[in-house]
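**Q** Have a look at this fold, sequence not included:
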């Protein structure tokens, strides 16, 4: 009876979501935002409908950068800024990524953006990368609350209004579904965009050094085009290249070892979804020893140095020799995700924050 009264008296909340939710490059951001929209216990969420700005209780800006903190600075209303990517400048470290992407990945015919938009986007990314952190901090501090997904970024930004909420996934969907031991070659896989910052070129070089009679090498690319496929085939024609798959959970589970060697902190959103999805499926994972990844993975993965083909190859061969280590890593990985990166926890934290910010704004 008391619970029913509480539900009756509970305030209905209306929220406006703002952000770029149409760019496939920000697939992780879109996945997080869509799960929030679908599962949050709020009355209404409007998306990019500026006309509703005066009708809602708060505005939640979702971004993989800091531009939106400038763009919506003059908009009236209580604002929460969900920062989905690490925005610490890397300066010239990013130039190699751009050179390799243009040389071996970019294909004008299959690009989803017109050429002039692509040039603008690259220029904007370069400007953002070279923008000093104190400028980003200045604009972000003008928002009511900035949601940050890891303590590494929280400590780097040193915002007055920073608020930690870890990004989460559906742990019932992403789980170990393998029921019996599979015989034959060990399957070692890569999942993700065909982008240099995700370590795809290191993976290709490493795969080319593995023995074909012992390993089956698979690459699942979100954007497969003839240019990158030809590059991979020239390096190692035994690598199987796949495009979009309908059942990625099945492909995670079919893999024995998954290699995700992000080059630096801008190699994905702050919590790379492929990484935590594969961890939830109890996979043995090789990734790089970057601080924000170590925060996510703890001791449940094998770490290698960024850009190191030698380290990746040795790690794959070492895991291949020891099935018990693979199982132990997988169990530990699942435990980490269930405890810290469960989307139900993320929903609860957002609901708690929304209530807190609304109450605070009315006092």
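**A** Now that the structure is in, tell me what you want to look at. Model, not experiment: these values are computed from the prediction.
**Q** Show me the residue sitting in the middle of the protein in space.
**A** Closest residue to the average C-alpha location of the chain: residue 272 at 2.8 Å, with C-alpha atoms, centre = their mean.
**Q** Return the residues in contact with that one.
**A** Residue 272 sits next to 28, 260, 262, 293 when contact means C-beta atoms under 8 Å, 6 or more residues apart in numbering. C-beta: built from backbone N, CA, C; applies to glycine.
**Q** Save these as a markdown table, and put in distance to residue 44 too.
**A** Below are the contacts of residue 272 laid out as a markdown table (distance: C-beta to C-beta, whole Å):
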| residue | distance to residue 44 |
| --- | --- |
| 28 | 25 |
| 260 | 37 |
| 262 | 37 |
| 293 | 36 |
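**Q** Redo those residues as CSV? Include pLDDT, secondary structure and distance to residue 107.
**A** Output for the contacts of residue 272, formatted as CSV (pLDDT from 0 to 100; DSSP: H, G, I helix; E, B strand; the rest coil; distance: C-beta to C-beta, whole Å):
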residue, pLDDT, secondary structure, distance to residue 107
28, 81, helix, 22
260, 98, strand, 23
262, 97, coil, 23
293, 98, helix, 29
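**Q** Closest to residue 315 out of those?
**A** Proximity of the contacts of residue 272 to residue 315 (C-beta to C-beta) peaks at residue 260, which lies at 11.7 Å.
**Q** Surely residue 96 touches residue 201?
**A** No. The pair residue 96 / residue 201 is not scored as a contact, 9.7 Å apart, by C-beta atoms under 8 Å.
**Q** of those two, who's got more company?
**A** Between residue 96 and residue 201, residue 201 has the larger neighbour count (other C-beta atoms under 10 Å), namely 24 against 14.
**Q** quick one, strands of this protein?
**A** 14-18, 44-47, 58-63, 79-83, 145-148, 162-164, 186-192, 215-221, 240-242, 257-260, 284-288, 302-304 (DSSP state E).
**Q** export those to CSV and tack on distance to residue 89?
**A** Putting those into CSV (distance: least, C-beta to C-beta, whole Å) gives the following:
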stretch, distance to residue 89
strand 14-18, 24
strand 44-47, 30
strand 58-63, 16
strand 79-83, 15
strand 145-148, 16
strand 162-164, 18
strand 186-192, 23
strand 215-221, 28
strand 240-242, 33
strand 257-260, 23
strand 284-288, 19
strand 302-304, 24
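**Q** now those strands in JSON lines, with mean neighbour count and distance to residue 324?
**A** Below are the strands of the chain laid out as JSON lines (neighbours: other C-beta atoms under 10 Å; distance: least, C-beta to C-beta, whole Å):
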{"stretch": "strand 14-18", "mean neighbour count": "21", "distance to residue 324": "46"}
{"stretch": "strand 44-47", "mean neighbour count": "16", "distance to residue 324": "46"}
{"stretch": "strand 58-63", "mean neighbour count": "22", "distance to residue 324": "42"}
{"stretch": "strand 79-83", "mean neighbour count": "25", "distance to residue 324": "39"}
{"stretch": "strand 145-148", "mean neighbour count": "24", "distance to residue 324": "37"}
{"stretch": "strand 162-164", "mean neighbour count": "16", "distance to residue 324": "35"}
{"stretch": "strand 186-192", "mean neighbour count": "23", "distance to residue 324": "14"}
{"stretch": "strand 215-221", "mean neighbour count": "21", "distance to residue 324": "19"}
{"stretch": "strand 240-242", "mean neighbour count": "14", "distance to residue 324": "27"}
{"stretch": "strand 257-260", "mean neighbour count": "25", "distance to residue 324": "14"}
{"stretch": "strand 284-288", "mean neighbour count": "26", "distance to residue 324": "11"}
{"stretch": "strand 302-304", "mean neighbour count": "21", "distance to residue 324": "14"}
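**Q** of all those strands, which lies closest to residue 351?
**A** strand 14-18 (10.7 Å).
**Q** What pairs with that closest one, parallel or antiparallel?
**A** Sheet pairing for strand 14-18, assigned by DSSP bridges, gives strand 44-47 (parallel), strand 58-63 (parallel).
**Q** Which of the residues in the longest helix that the chain contains are classified as buried?
**A** Longest helix in the chain, counting residues (DSSP state H): helix 343-362. Under the neighbour-count criterion of 16 or more other C-beta atoms under 10 Å, helix 343-362 has 343, 345-347, 349-351, 353-354, 357 buried.
**Q** I figured residue 288 hits residue 265, correct?
**A** No. Here residue 288 does not reach residue 265: they are 10.1 Å apart, not a contact under C-beta under 8 Å.
**Q** Appreciated, that's everything.
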